[in-house]
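Engineer: Sequence unavailable; structure follows:
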């Protein structure tokens with residue numbers, strides 16, 4: 001089970017807590033370490049004493065030692081005191097403030113403050129500033145002090161934590177609503193016979209052209225989660241400041257180091273939340289140079305691959321036969337992949353790809369009717385599909401066709417019906433990347449089985465990858481998250 005506890009120095013500090021919350025005196029929490037059993041505990045520390053070595057600081061420190069997730073963390077309390085870290089955070093908040101002020105028709109004429117309650121504020125014009133301040137400093141109540149310089153304009157003078165006893169009467173309703181909003185998703189009333197044990201955030205982008213999961217698959221994940229007592233909630237990049245409200249994060253948006261997915265993964269890891277895909281997996285899998293070097297070092301069969309720069313393109317003609325496949329290191333869904341049939345094409349295509357990347361890969365071409373895709377979760381095969389090439393094309397996806405990208409067909413089969421060599425090679429390759437969820441692409445010919453790519457964030461679409469296991473596939477995914485949550 002998951003429990004959410006609010007710590008206060010005096011019970012009258014929170015006389016009417018949101019339904020379902022357990023309110024506890026800070027002193028009792030410090031002196032009574034037992035009493036939670038095997039529960040997953042989340043702590044909201046509203047102590048009046050949040051100074052270094054104060055009672056509130058020790059409550060956060062001991063919460064972390066006990067394996068409880070706590071806001072603010074001991075590190076967050078210290079960060080507000082450390083000039084370098086506080087300065088960096090203030091400048092980030094200031095950038096959001098200046099963008100906000102540029103959009104406001106009537107800007108303030110003098111210095112002012114913004115009070116922040118769990119990332120919310122009373123003035124809706126400054127919601128983005130409030131979210132940024134909360135995300136940077138992770139304290140329940142903050143005051144952003146803004147000054148107006150006659151010459152330089154507005155700037156953030158200071159950001160300091162406030163305590164619950166400082167709130168005046170007019171602030172109480174805003175604070176209460178913010179506290180309830182922050183905590184309610186883990187404590188929404190049970191629906192049906194299953195009680196909500198944990199909450200899983202699923203990051204997705206409804207506007208993404210080629211998402212890793214279609215809406216029907218996400219709906220199935222929600223439905224199966226409800227049956228298991230796991231509340232699945234779809235979130236979007238705009239919900240970054242809410243991430244700590246959940247017990248775990250599942251990324252169902254195409255990952256990249258320069259889009260919100262990596263930032264979300266890093267944030268989840270910093271919060272101590274289980275996350276698929278984790279930052280290390282994203283870092284490794286999104287770069288084909290890392291994959292090529294790792295597979296070679298571990299002697300896992302792969303098409304012969306060369307890492308080239310602008311001065312070594314000729315090496316491809318010395319060591320590979322035409323046609324030669326050229327790839328940028330961070331492409332996905334067959335994007336950034338070209339096939340050179342002769343030397344002129346090689347020169348032209350390599351110049352084009354090297355305009356965007358200092359390194360490219362040249363790879364042996366292995367024509368096959370289909371690619372194997374083995375989904376691997378926790379080091380074990382989860383699903384197996386065969387993806388056929390797009391019509392009149394040499395890849396699964398054809399991005400040169402007019403209109404949207406076109407893809408080939410598929411065939412999904414039971415894991416137990418898959419050749420052992422395919423499974424063993426896929427699992428060995430996935431384990432080099434981590435222990436999360438991976439999609440391993442392989443080719444098979446008369447010479448054997450070869451790993452083409454190991455993808456984090458593999459496709460799981462309704463009627464495709466789940467065609468054999470159906471609901472059981474989503475159940476296995478959710479069971480993995482539950483194990484990770486309960487392992488602490």
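Structural biologist: Yes, it's here. All values derive from a computational prediction rather than experimental measurement.
Engineer: Please identify the helix or strand for residue 306.
Structural biologist: Residue 306 is part of strand 305-308, with elements assigned from DSSP states H and E.
Engineer: for that strand, packing partners?
Structural biologist: For strand 305-308, the elements it packs on are helix 288-297, helix 314-319, strand 360-364, judged by 3 or more C-beta pairs under 8 Å, 6 or more residues apart in numbering; DSSP states H and E. Glycine gets a C-beta too; all of them are placed from N, C-alpha and C.
Engineer: what residues does the second one touch?
Structural biologist: This means helix 314-319. 304, 306, 308, 324, 343, 346, 350, 362 (C-beta atoms under 8 Å, 6 or more residues apart in numbering).
Engineer: hmm, 10 Å instead?
Structural biologist: Contacts made with helix 314-319 from outside it, assessed by C-beta atoms under 10 Å, 6 or more residues apart in numbering, are listed as 304, 306-309, 312, 322, 324-326, 340, 342-343, 346-347, 350, 360-364.
Engineer: Now the element after that helix, going C-ward?
Structural biologist: Per DSSP H and E, the first helix or strand lying C-terminal to helix 314-319 is strand 324-327.
Engineer: Give me the buried entries from the contacts of helix 314-319.
Structural biologist: Neighbour-count burial (16 or more other C-beta atoms under 10 Å) is assigned, among these, to 306-308, 324-326, 340, 346, 350, 360-364.
Engineer: okay, now the residue nearest to residue 97 when sequence neighbours are not counted: neighbour count?
Structural biologist: Distances taken as C-beta to C-beta, 6 or more residues apart in numbering place residue 129 nearest to residue 97, at 5.1 Å, with adjacent residues excluded. Around residue 129 sit 25 other residues, with neighbours defined as other C-beta atoms under 10 Å.
Engineer: need the next SSE after the helix or strand where residue 129 lies, C-terminal direction.
Structural biologist: According to DSSP H and E, residue 129 maps onto helix 127-137. The first helix or strand that comes after helix 127-137 along the chain, using DSSP H and E, is strand 141-149.
Engineer: tell me the angle of that next one relative to helix 127-137?
Structural biologist: 120 degrees (axes from the mean of the first three to the mean of the last three C-alpha atoms, to 10 degrees).
Engineer: could you pull out the helices for this protein?
Structural biologist: Counting by DSSP state H, one finds helices in the chain at the ranges 26-31, 55-65, 74-79, 83-103, 127-137, 172-183, 215-228, 260-270, 279-285, 288-297, 314-319, 343-354, 420-433, 471-486.
Engineer: Contacts only, for the residue sitting nearest the centre point of the chain.
Structural biologist: Among the residues of the chain, the one closest to the centroid is residue 265, at 3.2 Å (C-alpha atoms, centre = their mean). When the contact criterion is C-beta under 10 Å, 6+ apart, the partners of residue 265 are 203, 249, 251, 255, 273, 275-283, 456.
Engineer: Also residue 172?
Structural biologist: 15-16, 164.
Engineer: Give me the PyMOL select line for those, limited to the buried ones.
Structural biologist: Applying 16+ other C-beta under 10 Å to the contacts of residue 172 leaves a buried subset, and the PyMOL line that selects it is:
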select buried, resi 164
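Engineer: Can I get the contacts of residue 172 in a markdown table including pLDDT and distance to residue 96?
Structural biologist: A markdown table is the format used below for the contacts of residue 172 (pLDDT from 0 to 100; distance: C-beta to C-beta, whole Å):
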| residue | pLDDT | distance to residue 96 |
| --- | --- | --- |
| 15 | 77 | 34 |
| 16 | 76 | 33 |
| 164 | 90 | 26 |
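Engineer: Just put the contacts of residue 172 in a markdown table and tack on distance to residue 436.
Structural biologist: Conversion of the contacts of residue 172 to a markdown table gives the following (distance: C-beta to C-beta, whole Å):
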| residue | distance to residue 436 |
| --- | --- |
| 15 | 44 |
| 16 | 42 |
| 164 | 39 |
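Engineer: Of the contacts of residue 172, which is the nearest to residue 87?
Structural biologist: Residue 87 has its nearest neighbour among the contacts of residue 172 in residue 164, at 26.8 Å by C-beta to C-beta.
Engineer: so how far is residue 48 from that closest one?
Structural biologist: Note on residue 164: its distance to residue 48, by C-beta to C-beta, to the nearest Å, is 7 Å.
Engineer: My read is that the residue nearest to residue 97 contacts residue 103, right?
Structural biologist: No. Applying C-beta atoms under 10 Å, one finds residue 129 not in contact with residue 103, separated by 11.5 Å.
Engineer: on that earlier part again, residues contacting the strand holding residue 306, please?
Structural biologist: Outside of strand 305-308, the residues within contact range by C-beta under 10 Å, 6+ apart are 288-289, 291-293, 295-296, 312-316, 318-320, 324-327, 329, 350, 353-354, 359-364, 452.
Engineer: Fine, thanks again, bye for now.
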